[in-house]
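Chemist: sharing a model prediction with you, sequence too.
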Amino acid sequence: MNADEYTNLDRVERTHWYYSGKRQLVRRWLGRVRPPQPTDVLLDCGAGTGIFAKEMEASCRVLVLDDHEEALRLLRTRFRPEQILSLAGDAVPLPDGSLEYVTALDVLEHVPDDAAVVRGFHRLVKTGGIALVTVPASMALWSDWDVSLHHYRRYNRPQLRALFPADGWEVLHVNYTNVAVYPAVWLVRKWRSLEKRLGRAAPAGRAEDSEPSAWLNDALRAIFVGLAMWRIPYPFGVSLVLVARRRA
């Protein structure tokens with residue numbers, strides 16, 4: 001991401017309904033499929049500002065990984081040096097089967113070879129360990145927001161599931177999330193794209209960076225998290241979540 005995107009993220013993600021809701025639903029899914037224990041180790045890949053990983057320290061041991069200096073600068077203010085990892089070439093400098101959990105929240109869309117990243121997850125996680133990822137969904141929503149965040153793609157459910165083949169992973173859950181706001185997000189992004197084609201000046205700031213009033217923020221978060229915990233196979237959504245258990 002661009003350096004200023006980390007500044008935006010650090011400013012809004014602690015309380016914004018989408019970012020705080022995403023962290024909440026991830027914690028709930030981890031608790032549902034394999035409740036973390038104090039001796040368990042979780043690696044948060046692409047840890048960004050480190051807020052999710054910091055929250056997980058109440059449940060287990062935490063390591064963070066990122067390769068952007070802007071993110072590492074923030075992580076150094078929140079974690080001990082021995083908790084912060086950098087890539088060794090393309091590999092994570094940890095032994096095989098050394099983790100109970102690996103998380104990657106909105107990370108896979110940033111890398112050219114997402115399948116190689118998931119193969120790395122399989123190496124790192126113990127048999128029976130959990131990988132949990134979230135990604136943006138639906139190329140119909142592709143916009144300047146994706147470009148500014150250096151996304152390579154947005155996913156559909158079959159594409160995401162295919163990254164976790166059955167010979168290596170038991171997919172426990174994969175579904176669209178952020179379902180309720182999909183129509184509004186689609187309309188806003190198509191309108192913004194139309195205005196750009198017509199040569200009209202873009203409005204200052206982005207809707208994604210703005211936090212609504214407190215009551216609406218709380219309501220949107222509750223709807224987002226509540227629907228994301230159901231196992232109903234939604235046909236669309238702004239994001240996807242996948243939870244997988246490593247096979248032997």
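Modeler: Ah, there it is.

Chemist: distance from stretch 96-105 to the middle of the chain?
Modeler: 14 Å (CA atoms, centre = their mean, to the nearest Å).

Chemist: ditto for stretch 185-198
Modeler: The answer for stretch 185-198 is 25 Å, by CA atoms, centre = their mean.

Chemist: same check, this time on stretch 148-165
Modeler: 11 Å.

Chemist: where does pLDDT dip in the protein?
Modeler: Applying pLDDT under 70 to the chain picks out residues 1-8, 200-209.

Chemist: where along this structure do the helices fall?
Modeler: 3-12, 17-33, 51-56, 69-76, 114-124, 144-148, 157-162, 182-197, 214-228 (DSSP state H).

Chemist: hey, C-alpha coordinates of stretch 122-134 in CSV?
Modeler: Extracted C-alpha coordinates of stretch 122-134, given in CSV (Å, rounded to 0.1, in the frame of the first residue of the first chain):
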residue,chain,number,x,y,z
HIS,A,122,0.5,-25.1,5.0
ARG,A,123,4.2,-25.5,5.8
LEU,A,124,4.0,-23.3,8.9
VAL,A,125,0.8,-24.7,10.5
LYS,A,126,0.8,-27.9,12.6
THR,A,127,-1.5,-30.7,11.6
GLY,A,128,-4.9,-29.7,13.0
GLY,A,129,-3.9,-26.0,13.0
ILE,A,130,-6.1,-23.3,11.6
ALA,A,131,-5.6,-20.8,8.7
LEU,A,132,-8.1,-17.9,8.5
VAL,A,133,-8.1,-15.4,5.7
THR,A,134,-10.3,-12.5,4.6
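
Chemist: isn't Thr15 up against Asn217?
Modeler: Yes: Thr15 lies in contact with Asn217 (CB atoms under 8 Å); the separation is 7.2 Å. (Each C-beta comes from the backbone N, C-alpha and C, glycine too.)

Chemist: of those two, which one has the most company?
Modeler: Asn217 (17 against 13; other CB atoms under 10 Å).

Chemist: and the more buried one, what does it touch?
Modeler: Shown in contact with Asn217 (CB atoms under 8 Å, 6 or more residues apart in numbering): Thr15, His16, Trp17, Glu211.
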